[in-house]
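Chemist: Model the following, please.
(one chain, ligands or ions: 2)
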Amino acid sequence: MKKKINLRMICISVFSIFSAILLMYVIFSAKLKTEVFEELKFAAELIDNADLSEDVLDAVPTDIRVTIINADGSVKYDSYADPSTLQNHLNRPEVSGALLEGEHEDIRNSTTMSESIFYYAKKLDSGTVLRVGKEYESVVHIVWSVIPAVLAVVLILVVICLIVSFFLTKSIVDPIDDIVDNLERKYIDEDKIYPELIPFTHKIRQQHVDILESANIRQEFTANVSHELKTPLTAISGYAELIENGVVKKDEDVIHFANEIHKSAKRLLNLINDIIKLSKLDAKAYDSTFEVVNFAEIVKDTVEMLSVNADKRRVQLRYQGCDNARIRIGKEFAEEITYNLIENAIKYNNDGGYVLITLNNNGSNTEFQVSDNGIGIPKEHQNRIFERFYRVDKSRSRERQGTGLGLAIVKHICELTGGVINLKSYKDEGTTISITWANENSKIDK
Ligand code: ATP
Ligand code: MG
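Modeler: Numbering: from 1, shown residues only. Ligands and ions are numbered 1, 2, ... in the order given. Here you go, the predicted model:
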């Protein structure tokens with residue numbers, strides 16, 4: 001960038017210098033021409049007014065040549081030479097021009113091009129032509145003679161331009177370099193950067209932070225996935241090896257090991273299914289025009305499905321709520337939310353506990369709520385349980401077949417469908433998780 005700016009600045013400077021010289025040449029030659037012809041016209045006028053009197057002809061400055069030419073082109077008088085030695089002048093442009101138009105101007109260069117002769121000719125009343133001429137050093141010659149001096153000046157100017165452009169480029173680029181160098185610093189000294197670049201800087205820094213954050217999340221996620229996959233796979237492989245080596249002899253032991261293998265395989269399958277769901281949610285691979293479902297029906301179906309789990313744990317499941325709550329959420333997402341919340345409430349409950357599920361539509365909001373009087377979530381864990389793989393008590397959760405992805409999926413679905421999650425929990429007292437969808441916010445059909 002610096003190189004480019006420098007190069008462009010130098011090009012502009014050199015172009016400006018040469019343009020200025022060219023312009024000076026054009027103006028100078030035009031001015032010279034006008035002044036010389038004015039002087040010649042004035043002399044011709046003077047001679048004509050004095051009726052070509054000899055006194056006036058003698059008084060004309062010696063650098064002005066006066067010639068009087070007859071209408072047939074023969075020279076009648078010449079202040080520099082004997083007229084009889086001079087050729088017919090009819091073919092001279094200023095003479096023929098004056099005979100035709102009354103007056104005419106011409107410039108002729110000497111053979112060496114070092115001098116120019118300016119001619120002004122005027123047709124007099126008598127029919128003769130009065131011509132005055134003056135020799136001048138030619139403009140080209142003048143310019144050539146000053147070329148060494150001009151080149152020296154140009155060289156000095158180019159060097160000055162180089163120095164100026166170097167410092168100017170530095171002053172332009174330095175604030176940008178500063179942004180790049182300090183991208184990772186928390187605060188940017190806004191006085192040091194261009195005001196126009198402040199929004200851009202904020203955006204770039206935010207993107208930088210986001211990239212680092214998502215790289216961290218991805219790394220953590222991969223480590224978690226690998227770990228979670230390894231545990232059931234090690235168990236499956238271990239139990240299968242024992243059976244293969246004939247270590248397990250008794251039938252009931254084989255059944256026990258097969259059962260363990262089945263449990264681990266189921267755990268693996270659940271984990272992989274959850275990861276697929278999350279990656280689909282991350283990639284926003286779902287059609288965002290979700291179908292409208294009767295949420296009440298889905299809740300009731302889930303309650304029925306999970307009642308077996310609840311019975312096993314002697315947990316009382318109760319549904320209380322409306323029969324019709326139409327939400328634009330899609331069947332798959334509705335089942336995912338209800339299953340995860342109710343399953344958690346059963347899983348993290350105590351023997352003989354209860355789970356109360358409510359669903360209310362008050363016209364402006366639809367609220368789905370799952371309450372339990374289970375183990376509860378300690379305060380310090382509450383804002384982390386929606387993170388992927390986060391479990392309050394890892395060993396207890398694993399023992400209950402938990403992978404720590406359920407609530408992360410619920411949170412993602414809520415973000416997509418406009419649901420707001422609220423959590424209230426007290427250790428050893430119980431947990432209440434509610435999700436509210438605002439009817440107006442498009443996702444819900446009244
Ligand atoms: P998964 O749902 O993926 O099978 P999981 O139940 O362990 O596994 P989440 O549903 O995401 O994972 O829950 C995260 C953690 O939050 C759980 O491990 C548990 O510690 C805590 N938790 C969730 N719901 C409750 C609840 N109702 N009572 C107490 N703790 C809960
Ligand atoms: Mg769960």
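Chemist: contacts and neighbour counts: CA atoms only from here.
Modeler: Fine.
Chemist: Okay, strands next: where are they in the chain?
Modeler: With DSSP state E, the ranges of strands along the chain come out as 64-69, 75-78, 103-109, 115-123, 129-137, 292-294, 316-321, 326-328, 354-361, 365-372, 419-426, 430-438.
Chemist: Residue 170: which of those is closest?
Modeler: For these, proximity to residue 170 was assessed by C-alpha to C-alpha; strand 129-137 is nearest, at 47.4 Å.
Chemist: quick one: buried residues of stretch 62-71?
Modeler: 64-71 (16 or more other C-alpha atoms under 10 Å).
Chemist: just the residues you listed now: which is nearest residue 8?
Modeler: residue 64 (50.9 Å).
Chemist: is it true that the closest one touches residue 131?
Modeler: No - counting by C-alpha atoms under 8 Å, no contact exists between residue 64 and residue 131, whose distance comes to 10.0 Å.
Chemist: thinking again about what came up before, columns distance to ligand 2 on top of the strands of the chain, output as CSV?
Modeler: Below are those laid out as CSV (distance: least, C-alpha to the ion, whole Å):
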stretch, distance to ligand 2
strand 64-69, 113
strand 75-78, 121
strand 103-109, 103
strand 115-123, 103
strand 129-137, 102
strand 292-294, 23
strand 316-321, 17
strand 326-328, 23
strand 354-361, 15
strand 365-372, 13
strand 419-426, 14
strand 430-438, 12
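Chemist: which one of the ones you listed lies closest to residue 180?
Modeler: strand 419-426 (38.7 Å).
Chemist: The closest one packs against which elements?
Modeler: In terms of contacts (3 or more C-alpha pairs under 8 Å, 6 or more residues apart in numbering; DSSP states H and E), strand 419-426 is packed against helix 379-382, helix 406-417, strand 430-438.
Chemist: How about residue 102: what's its closest non-neighbour residue?
Modeler: Excluding the flanking residues, the one nearest residue 102 by C-alpha to C-alpha, 6 or more residues apart in numbering is residue 123, at 5.0 Å.
Chemist: which parts of the chain sit against ligand 1?
Modeler: 340, 344-345, 348, 374-377, 385, 390-393, 397, 402-408, 431 (C-alpha under 6 Å from any ligand atom).
Chemist: Nearest to residue 54, out of the strands of the chain?
Modeler: In terms of C-alpha to C-alpha, the element of these nearest to residue 54 is strand 75-78, at 10.8 Å.
Chemist: partners of that closest one in the sheet?
Modeler: strand 64-69 (antiparallel) (DSSP bridges).
Chemist: hmm, who's touching the strand it pairs with?
Modeler: The list of residues contacting strand 64-69 from outside it, by C-alpha atoms under 8 Å, 6 or more residues apart in numbering, reads 40, 57, 75-80, 89, 128-135.
Chemist: mind running it again at 10 Å?
Modeler: 39-40, 43-44, 47, 52, 57, 60, 74-81, 83, 88-90, 95, 118-124, 127-135 (C-alpha atoms under 10 Å, 6 or more residues apart in numbering).
Chemist: likewise stretch 303-314?
Modeler: The contact list for stretch 303-314 (C-alpha under 10 Å, 6+ apart) reads 297-301, 315-319, 338-339, 342-343, 345-347, 349-355, 357.
Chemist: Just the CA trace of it, in PDB.
Modeler: What follows is stretch 303-314, C-alpha atoms only, in PDB (Å, rounded to 0.1, in the frame of the first residue of the first chain):
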ATOM      1  CA  VAL A 303     -46.100 -36.700  29.000                       C
ATOM      2  CA  GLU A 304     -47.600 -40.000  28.000                       C
ATOM      3  CA  MET A 305     -44.400 -41.300  26.400                       C
ATOM      4  CA  LEU A 306     -42.300 -40.300  29.400                       C
ATOM      5  CA  SER A 307     -44.700 -41.600  32.000                       C
ATOM      6  CA  VAL A 308     -42.900 -45.000  31.800                       C
ATOM      7  CA  ASN A 309     -39.600 -43.300  32.800                       C
ATOM      8  CA  ALA A 310     -41.400 -41.400  35.600                       C
ATOM      9  CA  ASP A 311     -43.000 -44.600  36.900                       C
ATOM     10  CA  LYS A 312     -39.600 -46.200  37.000                       C
ATOM     11  CA  ARG A 313     -38.300 -43.400  39.200                       C
ATOM     12  CA  ARG A 314     -41.600 -43.200  41.100                       C
END
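Chemist: in that stretch, what counts as buried?
Modeler: Here stretch 303-314 shows 303, 306-307, 309-310, 313-314 as buried, counting by 16+ other C-alpha under 10 Å.
Chemist: Quick one: those as a markdown table, columns for pLDDT too.
Modeler: As requested, those are exported to a markdown table (pLDDT from 0 to 100):
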| residue | pLDDT |
| --- | --- |
| 303 | 96 |
| 306 | 96 |
| 307 | 96 |
| 309 | 92 |
| 310 | 96 |
| 313 | 90 |
| 314 | 94 |
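Chemist: Is stretch 259-269 positioned near ligand 2?
Modeler: No - Stretch 259-269 does not reach ligand 2 (C-alpha under 5 Å from the ion); its nearest approach is 12.6 Å.
Chemist: Name the surrounding residues that touch that stretch.
Modeler: 228-240, 253-258, 270-275, 398, 401-403.
Chemist: what do you get if the cut-off is 8 Å, keeping everything else the same?
Modeler: Contacts for stretch 259-269 (C-alpha under 8 Å, 6+ apart): 229, 232-233, 235-236, 239-240, 401.
Chemist: And stretch 275-285, by the same measure?
Modeler: 286, 405, 409, 412-413.
Chemist: Most widely separated two among those residues?
Modeler: Across the contacts of stretch 275-285, no pair lies farther apart than 286 and 405, at 18.4 Å, counting by C-alpha to C-alpha.
Chemist: Look at the two and report which has more neighbours.
Modeler: More crowded of residue 286 and residue 405, by other C-alpha atoms under 10 Å: residue 405, with 22 against 11.
Chemist: where does the more buried one fall, phi/psi-wise?
Modeler: Note on residue 405: backbone dihedrals following degrees, to the nearest 10 are phi -110, psi -20.
Chemist: right, and it touches residue 411 too?
Modeler: No - in this structure residue 405 lies outside contact range of residue 411 using C-alpha under 8 Å: 10.1 Å.
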